[in-house]
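>>> Just a sequence and a predicted model for now, questions to come.
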Amino acid sequence: MEWWEFFERYQDWTGITQRVKLSQLREMGTGEEVAIVARHMQDAQNKKLLLRKAMHYGVRFSPAQIRELERELPPELAMELWEYAGLPWQD
């Protein structure tokens with residue numbers, strides 16, 4: 001599945017369908033697009049899968065995007081995002 005299709009349709013899918021489609025992604029969008037999707041996702045596991053996949057594909061997040069996302073993430077994933085960005089964890 002390509003990112004543009006996922007980005008256009010993810011809000012129409014149930015959490016289970018989102019997870020299946022996430023596993024089928026062959027590419028990712030920009031940091032801003034990924035952050036938008038992560039903020040809208042209700043399922044914590046889907047957020048985790050999305051963000052880990054984004055890191056795998058080399059998506060770059062700004063400090064502002066990470067700060068906004070970390071409010072909804074488990075501390076270990078927030079710390080992982082900060083480390084991935086090469087920035088100190090801003091607790």
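Yes, it's here.
>>> Could you use CA atoms for every contact and neighbour count after this?
Will do.
>>> show me where the chain has helices.
For the chain, helices defined by DSSP state H occupy the ranges 3-9, 15-24, 31-40, 44-56, 63-70, 75-84.
>>> what distance separates stretch 4-14 from the centre of its chain?
When C-alpha coordinates are averaged (Cα atoms, centre = their mean, to the nearest Å), stretch 4-14 and its chain have centres 14 Å apart.
>>> hang on, I meant stretch 42-52
Distance, centroid of stretch 42-52 to centroid of chain: 6 Å (Cα atoms, centre = their mean).
>>> what does stretch 70-90 give?
Stretch 70-90 sits 12 Å away from the centroid of its parent chain (Cα atoms, centre = their mean).
>>> Mean confidence (pLDDT) on that stretch, please.
Averaging pLDDT along stretch 70-90 yields 88.
>>> Just the buried positions in that stretch, please.
70, 73, 77, 78, 79, 81, 82, 85 (16 or more other Cα atoms under 10 Å).
>>> for stretch 35-45, same thing?
Those would be 35, 37, 38, 41, for stretch 35-45 by 16+ other Cα under 10 Å.
>>> first vs last residue of that stretch, how far apart are they?
15 Å (Cα to Cα, to the nearest Å).
>>> And stretch 67-87, by the same measure?
12 Å.
>>> what does stretch 14-32 give?
Using Cα to Cα, the end-to-end distance of stretch 14-32 comes to 22 Å.
>>> if we look at that stretch, which residues are touching it?
Here stretch 14-32 makes contact (Cα atoms under 8 Å, 6 or more residues apart in numbering) with 1-4, 6, 10, 34, 42-43, 46, 49-50, 54, 57, 59-62, 65.
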